[in-house]
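> below: sequence and its predicted model.
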Amino acid sequence: MTLLSSFLKIFIVLSPTRVATVVRPFSSTSGHRSLQPVRETREKQIQLWKELIVEFCKTQKIFVIALEEDFPLFSNSSIERSLSHEARETFLSALVAEGRAEWMDKVHRRCLVLWHRIQDWAEIILHFVRDNGLEDSVMTIEELRTGVESQGTELHGMDRSVLMRALKLLENKGKLAIFKGSSTDDEGVKFSA
């Protein structure tokens, strides 16, 4: 089985309930831990890794990847192997280039993965508000992220910085108003969707 077909086979069966079981056999294959030397193969490898990273982060609700820390897709402790730092940075930089991630620092140690772009998160928030009859209501930011209303939705457990950026986008469009409290726990939003 070639490296490319290994990527495809694993990516096709990847699902929220099978991620942990699928990642381990995949990570034990040789060849995926370094960048492919042939340009065409490398481009395919990068594309597949971008899709795999985004899908994994989405299913596991992971927003930040630290290059210097263990990350399930990048390492396999059972065989003591991990993806090279160069490959990690290359794959994440490719996501950054297409707007699916952002470096959180200048030295590329931490990367914010956006499995939805900020404008898409804003639309998800609007749908949530409409679906739950929350127009003209007030919620704290924390209620929106961790409250009962958001359980079972993509908003539940959302990275606060991503949520705030999406809310500010909606505020700029006149869809809501953000108000400050005495602490970050008191910050709120009034929807006018």
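Now that the structure is in, tell me what you want to look at.
> what is the mean pLDDT for the longest helix along the chain?
If you go by DSSP state H, the chain has its longest helix at helix 39-60. Across helix 39-60, pLDDT averages out at 94.
> just checking, what packs against that helix?
Counting contacts by 3 or more C-beta pairs under 8 Å, 6 or more residues apart in numbering; DSSP states H and E, helix 39-60 packs against helix 3-13, helix 19-27, helix 85-97, strand 110-113. To be clear about C-beta, it is placed using only N, CA and C from the backbone, and glycine gets the same treatment.
> tell me what angle the third one forms with helix 39-60.
Just to be clear, that refers to helix 85-97. Our comparison of helix 85-97 with helix 39-60, counting by axes from the mean of the first three to the mean of the last three C-alpha atoms, to 10 degrees, yields an angle of 70 degrees.
> return the set of buried residues in helix 85-97.
87-92, 94-96 (16 or more other C-beta atoms under 10 Å).
> for S150, state which of those is nearest.
The closest of the buried residues of helix 85-97 to S150 turns out to be L95 (C-beta to C-beta; 25.8 Å).
> isn't that closest one right up against V54?
Yes. Contact criterion C-beta atoms under 8 Å: L95 and V54 qualify, at 7.0 Å.
> mutual contacts of the two, please.
Common neighbours of L95 and V54 (criterion: C-beta atoms under 8 Å, 6 or more residues apart in numbering): V113.
> so which pair among the buried residues of helix 85-97 is furthest apart in space?
Greatest spatial distance in the buried residues of helix 85-97: A87 and V96, 14.8 Å, computed using C-beta to C-beta.
> how close does S192 sit to R39?
Here S192 is placed at a distance of 51 Å from R39 (C-beta to C-beta, to the nearest Å).
> between the two, which has more neighbouring residues?
A count of neighbours by other C-beta atoms under 10 Å puts S192 above the other of S192 and R39, at 14 against 8.
> tell me the contacts of the more buried one?
With C-beta under 8 Å, 6+ apart, S192 has these contacts: 135-136, 174-177.
> how about T153?
The contact partners of T153, taken as C-beta under 8 Å, 6+ apart, are F128.
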